[in-house]
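**Student:** Sequence first, predicted model second:
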Amino acid sequence: MSNVFVLDHPLIQHKLTYIRNKNTGTKEFRALVDEVSTLMAFEITRDLPLEEKTIETPVTTATTKVLSGKKMGIIPILRAGLGMVDGMLSLIPAAKVGHVGLYRDPETLKPVEYYIKLPSDIEERELIVVDPMLATGGSANDAIHSLKKRGATNIKLMCLLAAPEGVEVIQKDHPDVDIYLGALDEKLNEKGYIIPGLGDAGDRLFGTK
Ligand SMILES: O=P(O)(O)OC[C@H]1O[C@H](OP(=O)(O)OP(=O)(O)O)[C@H](O)[C@@H]1O
Ligand SMILES: O=c1cc[nH]c(=O)[nH]1
Ligand SMILES: [Mg+2]
C-alpha cells in the first residue's frame, strides 16, 4: 500500500496558507507555488542514495559523501503541474522533464489525455509526478497508468493538496506509488473541488479565470 507523507515543515504550511487565500493574486500565487515546490523537493529527496568519495580538504584527506547519480525525472500534469517544475529543478537540476497533458472534463470529472512527451529512458529513472491538486484522483491515476504502460517502474506522486477520495484511488490502483502532500484536506464538494482547497490551481497560476 502506498505510503502517504504530509510534509508538515513550518515553511511549507505557512506558504500554503497564502496559496489558499483567495486574495492572493496570480503573480504571488505563482511565486509561492514555486517556493513550496522547492521545499517539498527537499523533503522528497531525503532518500536519494549517496556514495563515498575521497577528497583533499585544505588540511587533510577526507572520505565524504556525494550523490550516487540516480537518474530522476519530473513529470508535471499539464497545465497546473507546470507551476511546480522550476521550483523542483532548482534542487534537482539534472532531472529530465516529461509532460502529460490531461484536463478534467467539468461535467463527468473524468480525465482526458491530450499530450504526452517523456524522456526516452523513463524505465531507468525515478519519476516524480507533480500536480498541485489530487481531487477525485482521476488525473493522477491516468498519468501514472500512462507512465507505467511506457515502462516506468519507480514513481512518486507529489501534490500540494489532496482530498481523501483521491488518495484512496491512488492507493488502490498504484500501491507501489508513495504520495507526498503539503496537506490532506477534508473532502470534495459536489463539483469535485477540494474543500477547503485553493480553488482552480491552473486558473490561479495562469490567470485564466
Ligand atoms: O484529481 P482530479 O479530480 O482528476 O482533479 C485534479 C486535476 O484537476 C486540475 O486540472 P484541470 O483539469 O483543471 O486542468 P488544468 O491543469 O489545465 O487547469 C488539477 O491540476 C489536476 O490535474
Ligand atoms: O479543487 C480542485 C480540484 C481539481 N482541480 C483544481 O484545480 N482544484
Ligand atoms: Mg490538470
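**Tutor:** On my side now, so go ahead. Ligands and ions are numbered 1, 2, ... in the order given.

**Student:** Can I get the longest strand along the chain as CSV, trimmed to CA atoms?
**Tutor:** For the chain, the strand that runs over the most residues, judged by DSSP state E, is strand 154-162. Extracted in CSV, the C-alpha atoms of strand 154-162 (Å, rounded to 0.1, in the frame of the first residue of the first chain):
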residue,chain,number,x,y,z
ASN,A,154,9.7,3.8,-10.0
ILE,A,155,7.2,6.6,-9.4
LYS,A,156,6.3,9.0,-6.6
LEU,A,157,3.4,11.5,-6.6
MET,A,158,3.8,15.0,-5.2
CYS,A,159,0.8,17.3,-4.7
LEU,A,160,0.2,20.5,-2.7
LEU,A,161,-3.3,19.4,-1.6
ALA,A,162,-5.3,16.2,-1.7
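
**Student:** The closest residue to A183 other than its chain neighbours and I122: what is the separation?
**Tutor:** Using C-beta to C-beta, 6 or more residues apart in numbering and skipping the chain neighbours, the partner closest in space to A183 is L161 (5.5 Å). Any C-beta I mention is one placed from the backbone N, CA and C, and that applies to glycine too. From L161 across to I122, the span is 26 Å (C-beta to C-beta, to the nearest Å).

**Student:** what's the answer for E51, then?
**Tutor:** Taking C-beta to C-beta, one finds E51 at 23 Å from I122.

**Student:** Please identify which of those two sits among more neighbours.
**Tutor:** Applying other C-beta atoms under 10 Å to E51 and I122 shows that I122 carries more neighbours, namely 22 against 9.

**Student:** shouldn't that one be in contact with K149?
**Tutor:** No: using C-beta atoms under 8 Å, I122 makes no contact with K149, being 10.6 Å away.

**Student:** So the residue of the chain most remote from its centre: helix, strand or coil?
**Tutor:** Taking C-alpha atoms, centre = their mean as the measure, the residue most remote from the mean C-alpha position of the chain is V59, 42.0 Å away. Look at V59: counting by DSSP: H, G, I helix; E, B strand; the rest coil, its state is coil.
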